[in-house]
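Novice: sharing a model that was predicted from the sequence below.
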Amino acid sequence: MAATTIPRGDAEATVSTSRKTALVTGITGQDGSYLAELLLAKGYEVHGLIRRASTFNTERLDHIYQDPHDRDVRLRLHYGDLHDGVGLVNLMHLVQPDEVYHLGAQSHVKVSFEMPDYTGDVTGMGTIRLLEAIRASGISTRFYQASSSEMFGSTPPPQNEGTPFHPRSPYGAAKVYAYWVTVNYRESYGMFATNGILFNHESERRGETFVTRKITRAIARIQAGLQDKLYLGNLDAKRDWGYAPEYVEAMWRMLQADEPADFVVATGVSYSIEQFVEFAFERAGLEWQKYVETDPAYLRPAEVDNLCGDASRAKAVLNWEATTHAPELARLMVDADIALLADQLAGRTVRVDR
Ligand code: NAP
Ligand code: GDD
């Protein structure tokens with residue numbers, strides 16, 4: 001809880017506040033948007049790092065957006081980039097967060113094979129830039145690193161906090177680096193720094209090129225007669241899929257714990273991509289074999305065949321447990337994409353600009 005200098009148009013006001021302040025990188029992403037909602041509901045002042053883009057990239061935040069001209073604004077967005085170390089130091093000085101949730105990353109595994117250098121820089125080096133920004137600004141804060149089950153790669157399931165890493169992509173390798181620098185800053189500087197090793201988690205806000213959302217969006221379009229085929233890659237890989245809003249609760253609990261530690265967050269059950277396809281098409285009353293075709297363009301140079309997490313530490317220490325599993329997840333995502341498409345077709349999704 002810190003005195004915070006808050007920009008208000010051209011002027012700046014220093015506001016002394018007893019509420020907790022959080023800084024979220026990756027706030028415009030799937031998890032960032034759910035986490036921002038959760039923190040606002042808990043009374044936090046939430047600051048988010050956003051990238052400058054030539055198009056709007058804050059769609060997932062539109063429903064919680066607060067006009068900076070209003071009084072008592074608790075959600076503030078700041079331009080920045082994980083490439084820009086000095087900007088990160090300045091942001092730490094400005095915001096003085098009690099908690100930092102580092103979710104920003106080039107998070108697409110297949111894309112990381114096409115952009116390995118960039119992915120290493122943003123997803124790996126971005127983490128140490130942020131940790132150094134915390135040190136350089138001299139603040140005391142708790143730090144959450146968005147680590148990933150991709151770090152386990154080819155190590156067979158069940159995977160827990162003691163399972164050796166064997167990443168299978170530039171993304172997975174970058175996350176291993178970020179994992180270890182987080183541990184290192186905890187051990188070297190006594191920082192409250194924690195890794196959440198999250199298994200795949202999805203939602204109606206999932207990025208459109210991840211497999212679950214690609215499937216559920218396609219179903220809505222097929223049903224509406226706008227699409228006739230869905231091209232996918234490997235249908236045999238297995239994933240432990242949970243529901244994103246439940247997973248951001250686990251992130252928050254990690255930073256409220258007595259001691260910093262690393263936690264696996266997972267449902268403990270895995271399904272193949274083909275099974276997810278079946279659950280999703282069945283929800284819409286469609287026969288998937290009529291529509292799904294394979295395209296080698298979506299295969300990866302190396303695949304992660306089977307992820308299935310053992311989240312017993314999270315249950316014992318954080319009292320956290322997943323409740324939504326893949327069959328239900330598929331159904332809720334299909335329903336959401338059908339409703340979204342209906343809204344789009346009816347012109348009910350007009351953005352309100354301020
Ligand atoms: P996401 O939807 O892809 O969001 C990624 C976020 O990072 C976006 O806000 C993106 O901004 C931002 N970002 C990308 N490059 C950046 C840069 N150079 N500087 C600043 N911000 C940048 O990912 P997610 O699913 O919410 O996942 C959140 C985090 O958890 C990621 O680190 C991901 O790797 C990790 N993770 C995810 C899962 C999962 O299953 N979802 C599982 C384990 C770990 P734009 O909106 O501008 O692109
Ligand atoms: N994206 C995609 N597109 N994946 C496909 C496709 C396709 O057309 N067809 C089959 N797949 C398979 C992939 O080969 C992979 O085995 C599986 O579907 C899941 O792919 P994604 O949904 O892209 O997710 P991911 O498991 O590679 O990575 C996600 O989960 C990680 C945690 O394990 C991302 O969210 C990562 O950021 C996260 O760390």
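Specialist: Here it is on my side, so go on. Ligands and ions are numbered 1, 2, ... in the order given.
Novice: so which residues on the stretch 201-350 of the chain come close to ligand 2?
Specialist: Within reach of ligand 2 by CB under 6 Å from any ligand atom, the stretch 201-350 of the chain has these residues: 209-211, 214, 232-234, 237, 239, 273, 298, 300, 303, 307. In short, each C-beta sits where N, CA and C put it, glycine included.
Novice: now do 8 Å
Specialist: Selection of the stretch 201-350 of the chain residues close to ligand 2 by CB under 8 Å from any ligand atom yields 201-202, 207, 209-214, 231-235, 237, 239, 273, 295, 298-300, 303-305, 307.
Novice: so what's residue 317 up against?
Specialist: Counting by CB atoms under 8 Å, 6 or more residues apart in numbering, residue 317 touches 257, 261, 263.
Novice: now do it against residue 311, distance only.
Specialist: 10 Å (CB to CB, to the nearest Å).
Novice: mutual contacts of those two, please.
Specialist: Contact criterion CB under 8 Å, 6+ apart; residues bridging residue 317 and residue 311 by contacting each: residue 263.
Novice: where along the stretch 151-300 of the chain do the strands fall?
Specialist: 192-198, 201-202, 230-232, 238-239, 242-243, 263-265, 271-272, 292-294 (DSSP state E, counting those that start in this stretch).
Novice: please convert these to JSON lines, extending it with mean pLDDT.
Specialist: Below are the strands of the stretch 151-300 of the chain laid out as JSON lines (pLDDT from 0 to 100):
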{"stretch": "strand 192-198", "mean pLDDT": "98"}
{"stretch": "strand 201-202", "mean pLDDT": "98"}
{"stretch": "strand 230-232", "mean pLDDT": "98"}
{"stretch": "strand 238-239", "mean pLDDT": "98"}
{"stretch": "strand 242-243", "mean pLDDT": "98"}
{"stretch": "strand 263-265", "mean pLDDT": "99"}
{"stretch": "strand 271-272", "mean pLDDT": "98"}
{"stretch": "strand 292-294", "mean pLDDT": "98"}
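Novice: in a markdown table, list these along with mean neighbour count.
Specialist: Formatted as a markdown table, those follow (neighbours: other CB atoms under 10 Å):
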| stretch | mean neighbour count |
| --- | --- |
| strand 192-198 | 24 |
| strand 201-202 | 27 |
| strand 230-232 | 17 |
| strand 238-239 | 21 |
| strand 242-243 | 24 |
| strand 263-265 | 27 |
| strand 271-272 | 19 |
| strand 292-294 | 13 |
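Novice: okay, now the residue of the stretch 51-200 of the chain found nearest ligand 2: neighbour count?
Specialist: Nearest residue of the stretch 51-200 of the chain to ligand 2: residue 148, at 3.2 Å (CB to the nearest ligand atom). Using other CB atoms under 10 Å, residue 148 is surrounded by 26 other residues.
Novice: verify the contact between it and residue 197 for me.
Specialist: Yes - using CB atoms under 8 Å, residue 148 is in contact with residue 197, at 6.8 Å.
Novice: specify the beta-bridge partners of the residue of the stretch 51-200 of the chain closest to ligand 2.
Specialist: Counting by DSSP bridges, residue 148 is bridged to residue 198.
Novice: how about whichever residue of the chain sits closest to ligand 1: what's its closest non-neighbour residue?
Specialist: Going by CB to the nearest ligand atom, ligand 1 is nearest to residue 29 of the chain, at 2.1 Å. Excluding the flanking residues, the one nearest residue 29 by CB to CB, 6 or more residues apart in numbering is residue 103, at 6.2 Å.
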